[in-house]
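Trainee: Build the 3D model from these lines:
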Amino acid sequence: MTGGIHVKEKDSFIERESGLHRGLSKNQLTMIGLGGAIGTGLFMGSAIAINYAGPAVILSYVIAAFIAVIMMFSLSEMAVAHPTAGSFGVYAEKYLGGWAGFTSRWTYWAAQVIAVGGEAVAVGIYMTYWFPDIPVWVWTLGFGAALIFVNSRSVENFGSIEYWFAMIKVVAIIAFIIFGMAVVLGIGTPAVGFENFTKHDGFLPHGFGGVWMAVLMAIFSFVGVEVIAVTAGEAKDPRSAVPRAMRTMVVRLIVFYFLAMGIMIAVVPWINAGAKEIAQSPFVLVFNHVGISAAAGIMNFVVLTAALSSMNTNLYMTSRMMFSLSRSRYAPQALGKLNKDGTPVNALLLSSVGVALAALISKISPLAYNYLFGIALFGALFVWLLTLLAHLRFRKQWEQGGGERLPVRAPLFPVLQIVGIVLIAAILITMGLDTEFWNVSWIIGVPWLAFLTLIYYAKYRKKLSHEKEDRSGKTAS
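Mentor: Presented below is the predicted three-dimensional model:
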């Protein structure tokens, strides 16, 4: 499309994905967004980021948060204008073309299916802490079936469950911050102060190169914030709920991450908190320092909840991506059907089968799963990159088409969007050049995109062009 956006086009655009129930409240949207972004990466994976950068990991999270804020402003502006379940995939299709919409949604679907498969296995492992005699697969299957049931019900039911899952994580982080600040400032215990920020080779033990490598880990701590745009298709009042949820979530995320990482570095020397092989969460080390003997059990409950929350949210997202692909005629039409509760059950069941396969591969061969996970690593940033590119065209076309003034507008347009695109591209290039671990994303991600491109141009591009020509001929006659 090269012209402006007209009212009729906007209506048909939203109508294509109609039928979903708008039952999510503003508070639920905020907590779902927090739940999607706060995962086991903060509780466990933060050790890897600390190992890369040392105390300067704070700067790594500043860079990652900056990129996430740019992306969220751009995505939220488009979500208010086009509140659809397909979200960034639909925006990519509308403003960048069919290939972008096809590859972004299929890539994101595959990425999240793989991620949920890993979380499903992790849930089983966490449960063996309390029940060592029960096999991992029993817990994986049991919790998986329960969350599939939750997602098959109404969206209000999903929103309520995810609200409380996210609340547990938020309470855990707040408790960690309170106890940590008491240790740092010496309230009820000898003060540790901030000496650990400069001990052991200083604030920048591995230089700016280490800071940049830690950005690769930090950026994935923010992956998941895009769920708010997906929920726009089922929000009660997307015009006010999406901007409010976005602002609240971004502020809370930044505060939580920076305070948590700062306390972690202050209390535990970075050479102890950072490790390539995660033996113990840095959160556990801090609680142990305070003298809470049950720290390991408490954190096991928290990371269990984090994994369940991630599974729940990502099952929701994968089902909506597949629903959107179907309604765009990029997947079988049966996957776009809704049940009486307005839920795309067929799309959910297909996503669940994918999760089961990913979990099976993860259990049978962790090495093979690492390569599959390359799609997840590559896919998330690929979607973010297309989102910013789509926003560059969206703003111009929206204004030329006489679109109404939106309640949220990305600031400093287009400077911030261009900066975000450059930073994401730099991260992707760094991942490709790193031969120790991150290049797996390119080894799998690039062939995956080539495969999708082949499918799109061999089948869907011609098919949809013929259908469009047929409709034009009928209209003319």
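
Trainee: for the helix or strand hosting T387, which positions count as buried?
Mentor: Using DSSP states H and E, T387 sits within helix 366-400. Buried residues in helix 366-400, counted by 16 or more other C-beta atoms under 10 Å: 369, 372-392, 394-395, 397-398. (C-beta placed from N, C-alpha, C; glycine too.)

Trainee: I'd like the next helix or strand past the helix or strand hosting V116.
Mentor: Assigned by DSSP H and E, V116 falls within helix 98-127. Scanning forward in sequence from helix 98-127 by DSSP H and E, the next helix or strand is helix 136-152.

Trainee: what angle separates that next one from helix 98-127?
Mentor: 130 degrees (axes from the mean of the first three to the mean of the last three C-alpha atoms, to 10 degrees).

Trainee: Can you tell me what sits against helix 136-152?
Mentor: Under the contact criterion C-beta atoms under 8 Å, 6 or more residues apart in numbering, helix 136-152 has outside partners 120-121, 123-125, 127-128, 131, 157-158, 161, 308, 311-312, 315-316, 319, 339, 341, 343, 345, 348-349, 352, 355-356, 359, 363.

Trainee: Mind listing what's buried along stretch 308-317?
Mentor: Going by 16+ other C-beta under 10 Å, stretch 308-317 has these buried residues: L308, S309, S310, M311, N312, T313, N314, L315, Y316, M317.

Trainee: which one among those gets closest to G89?
Mentor: M317 (10.8 Å; C-beta to C-beta).

Trainee: ok, now which ones touch the nearest residue to A110 once chain neighbours are set aside?
Mentor: Nearest residue to A110 in three dimensions, chain neighbours excluded: I375, at 5.2 Å (C-beta to C-beta, 6 or more residues apart in numbering). Counting by C-beta under 8 Å, 6+ apart, I375 touches T107, A110, A111, I114, I444, G445, W448.

Trainee: By pLDDT, give me the weakest of these.
Mentor: Here the lowest pLDDT out of the contacts of I375 sits on I114, with 84.

Trainee: Tell me, how many residues neighbour it?
Mentor: The tally of other residues near I114 (other C-beta atoms under 10 Å) stands at 27.

Trainee: ok, it to W448 distance?
Mentor: Distance from I114 to W448, counting by C-beta to C-beta, to the nearest Å: 11 Å.

Trainee: hang on, Y126 packs against T305?
Mentor: No - using C-beta atoms under 8 Å, Y126 makes no contact with T305, being 9.4 Å away.

Trainee: which one is L315 nearest to, not counting chain neighbours?
Mentor: N151 (4.9 Å).

Trainee: now N27, nearest residue through space, not along the chain?
Mentor: Y163 (7.1 Å).

Trainee: Quick check: which element contains that neighbour?
Mentor: Y163 belongs to helix 155-185, assigned by DSSP H and E.

Trainee: on that earlier part again, which one of the buried residues of stretch 308-317 is nearest L259?
Mentor: S309 (20.5 Å).

Trainee: I'd guessed that closest one sits against K169; true?
Mentor: Yes - using C-beta under 8 Å as the test, S309 is close enough to K169 to be in contact (6.6 Å).

Trainee: Overlap in contacts, the two.
Mentor: Common neighbours of S309 and K169, counting by C-beta under 8 Å, 6+ apart, are G35.

Trainee: How is T189 assigned, secondary-structure-wise?
Mentor: When classified by DSSP: H, G, I helix; E, B strand; the rest coil, T189 comes out as coil.

Trainee: Please name the nearest non-neighbouring residue to it.
Mentor: Closest residue to T189 apart from its sequence neighbours, by C-beta to C-beta, 6+ apart: V183 at 5.7 Å.

Trainee: How much space separates that neighbour from L147?
Mentor: Here the criterion is C-beta to C-beta. By it, V183 lies 36 Å from L147.

Trainee: From the rest of the structure, what touches stretch 250-263?
Mentor: Residues contacting stretch 250-263 (C-beta under 8 Å, 6+ apart): 34, 37-38, 42, 46, 57-58, 61-62, 65, 68-69, 72, 170, 173, 176-177, 180-181, 183-184, 221-222, 225, 286.

Trainee: same question, stretch 352-368
Mentor: Identification of contacts with stretch 352-368 by C-beta under 8 Å, 6+ apart yields 110, 113-114, 116-118, 120-121, 136-137, 140, 144, 148, 315, 318, 369, 372.

Trainee: Pull out the buried members of those residues.
Mentor: Counted by 16+ other C-beta under 10 Å, those give 110, 113-114, 116-118, 120-121, 136, 140, 144, 148, 315, 318, 369, 372 as buried.

Trainee: from those, which two are the most distant?
Mentor: Largest separation among those by C-beta to C-beta: A110 and V136, giving 23.7 Å.

Trainee: any idea how far Y257 is from the residue nearest to T189?
Mentor: 19 Å.

Trainee: How about N300?
Mentor: Distance from N300 to Y257, by C-beta to C-beta: 22 Å.

Trainee: hey, C-alpha coordinates of stretch 379-393 in PDB?
Mentor: Output of stretch 379-393 as PDB, limited to C-alpha atoms (Å, rounded to 0.1, in the frame of the first residue of the first chain):
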ATOM      1  CA  GLY A 379      13.400 -14.500  16.100                       C
ATOM      2  CA  ALA A 380      12.800 -12.100  19.000                       C
ATOM      3  CA  LEU A 381      15.200  -9.500  17.700                       C
ATOM      4  CA  PHE A 382      14.100 -10.100  14.100                       C
ATOM      5  CA  VAL A 383      10.500  -9.200  15.200                       C
ATOM      6  CA  TRP A 384      11.700  -6.100  17.100                       C
ATOM      7  CA  LEU A 385      13.600  -4.900  14.100                       C
ATOM      8  CA  LEU A 386      10.600  -5.300  11.800                       C
ATOM      9  CA  THR A 387       8.400  -3.500  14.300                       C
ATOM     10  CA  LEU A 388      10.600  -0.400  14.300                       C
ATOM     11  CA  LEU A 389      10.900  -0.500  10.500                       C
ATOM     12  CA  ALA A 390       7.100  -0.800  10.300                       C
ATOM     13  CA  HIS A 391       6.600   2.200  12.600                       C
ATOM     14  CA  LEU A 392       8.700   4.400  10.400                       C
ATOM     15  CA  ARG A 393       6.100   3.900   7.600                       C
END
